[in-house]
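Chemist: Here you go, sequence then predicted model.
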Amino acid sequence: MLRVKNLYKSFNIGTDFENNLFKGFNIEFENNTSTAIIGSNGCGKSTLMNLIAGSLRADSGSIAIELDEDITFVKPDGTKEITKYRDISKFREEQRARFIGRVHQNPSMGVSPSLTILENMALADKKNESFSLRKLIRKNRIDYYVEQLKTLDLGLENKLDSRVDLLSGGQRQSLSLLMASMKHPKVLLLDEHTAALDPKTSRVVMNKTIDLIKNKELTTVMITHDMRDAVEYSDRVIMLDKGKIVLDKNSSEITAQELHQIYQDKITEMELKED
């Protein structure tokens, strides 16, 4: 489980543009579930994802990951507390990468375009390892990379020596997905990861995403502007507005058409307030 508790985040404090976006925000994401987050620009969805990933630091509050083993903490009064949750809110982004995988909107952000497919897979395989001067590619791991690439059904296992910048956007994004999930993160963040793709390729990548999530039993948080994707490819849909949850439903309880109407109503409401 990913648990966000009493989260505060403000921008431009003390100026005319001060924005107190999250004020005591709380949310939990259950293990092995996929949650779609939707909302208009400025609603807080990207900020929330950046706060979870660590590319933004919260003003206060906790972001905790449920681990497989118990952790013992010593409180200030000397007593001990045993819990499975680790608060990562003070961790740097690279430290959180031990628990969190992320796929960005730009297909090139999750890969190293100037390197080959094999070199990219080897880099992903070294995630969370201490730095060393050993060779990047370990020959005894190549067969494993090939088997992983086969799951994408894109023929990339036959192009190990091809540079990634020669791949299509859909191929790069599929490779990014595989790399982000290779070390079995506790949480996979999908940051509008199909928005830069054409509709046909987007559908292919979404299907591969769901296959990968199910096969690896990943807890997933996905930002999307596509109401159909939000309903069809998630277990739960959350709508944010100005840092608050205004809709929280099981995907089976709402249609894409209903969700689209709620979204449009909210946009209209905001426009009327601005006028």
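Modeler: Cool, got the structure.
Chemist: Can you list the strands that the lengthiest strand in the chain pairs with?
Modeler: Criterion DSSP state E: the longest strand present in the chain is strand 60-74. Strands that pair with strand 60-74, judged by DSSP bridges, come out as strand 2-11 (antiparallel), strand 80-87 (antiparallel).
Chemist: Quickly compare these and say which is most buried.
Modeler: strand 2-11 (a mean of 18; mean count of other CB atoms under 10 Å). Backbone N, C-alpha and C define where each C-beta goes, glycine included.
Chemist: ok, then the element right after it?
Modeler: Using DSSP states H and E, the next helix or strand after strand 2-11 towards the C-terminus is strand 19-29.
Chemist: Now do that following strand and strand 2-11, the angle between them.
Modeler: Counting by axes from the mean of the first three to the mean of the last three CA atoms, to 10 degrees, strand 19-29 points 180 degrees away from the direction of strand 2-11.
Chemist: that older thread, got the buried residues for the longest strand of the chain?
Modeler: 61, 63, 64, 65, 66 (16 or more other CB atoms under 10 Å).
Chemist: swap in stretch 239-250?
Modeler: In stretch 239-250, counting by 16+ other CB under 10 Å, buried: 239, 240, 241, 242, 243, 247.
Chemist: still on that earlier bit, could you list the residues in contact with the longest strand of the chain?
Modeler: For strand 60-74, contacts defined as CB atoms under 8 Å, 6 or more residues apart in numbering pick out 1-8, 22, 24-25, 31, 51-52, 80-89, 99-100, 186-187.
Chemist: do the same with stretch 114-134
Modeler: So stretch 114-134 is in contact with 97-98, 111-112, 136-138, 141-142, 145, 148-149, 156, 159-165, 167, 175, 178-180, 182-183, going by CB under 8 Å, 6+ apart.
Chemist: The residue sitting nearest the centre point of the chain: helix or strand, and which one exactly?
Modeler: Centrality entry for the chain: nearest residue to the mean C-alpha point is residue 189, 0.6 Å, by CA atoms, centre = their mean. Assigned by DSSP H and E, residue 189 belongs to strand 187-191.
Chemist: tell me the angle of that strand relative to strand 60-74?
Modeler: Using the same axes, to 10 degrees: strand 187-191 against strand 60-74 is 170 degrees.
Chemist: Show the average pLDDT along strand 187-191.
Modeler: For strand 187-191, mean pLDDT is 96.
Chemist: Show me what it packs onto, helices and strands only.
Modeler: If contacts are counted by 3 or more CB pairs under 8 Å, 6 or more residues apart in numbering; DSSP states H and E, strand 187-191 sits against helix 45-53, strand 100-103, strand 219-223.
Chemist: who's in contact with residue 178?
Modeler: 121, 124, 148, 149, 151, 152, 212.
Chemist: pretty sure residue 7 is touching residue 25, no?
Modeler: Yes - applying CB atoms under 8 Å, one finds residue 7 in contact with residue 25, separated by 4.2 Å.
Chemist: which SS class is residue 214?
Modeler: Secondary structure state of residue 214, per DSSP: H, G, I helix; E, B strand; the rest coil, is helix.
Chemist: what's the answer for residue 37, then?
Modeler: strand.
Chemist: hang on, the earlier thing: the buried residues of strand 60-74 into CSV, with extra columns for distance to residue 218 and pLDDT?
Modeler: As requested, those are exported to CSV (distance: CB to CB, whole Å; pLDDT from 0 to 100):
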residue, distance to residue 218, pLDDT
61, 24, 96
63, 18, 96
64, 18, 95
65, 13, 93
66, 14, 90
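Chemist: For those, please prepare a markdown table with the additional fields distance to residue 116.
Modeler: Formatted as a markdown table, the buried residues of strand 60-74 follow (distance: CB to CB, whole Å):
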| residue | distance to residue 116 |
| --- | --- |
| 61 | 42 |
| 63 | 35 |
| 64 | 38 |
| 65 | 33 |
| 66 | 36 |
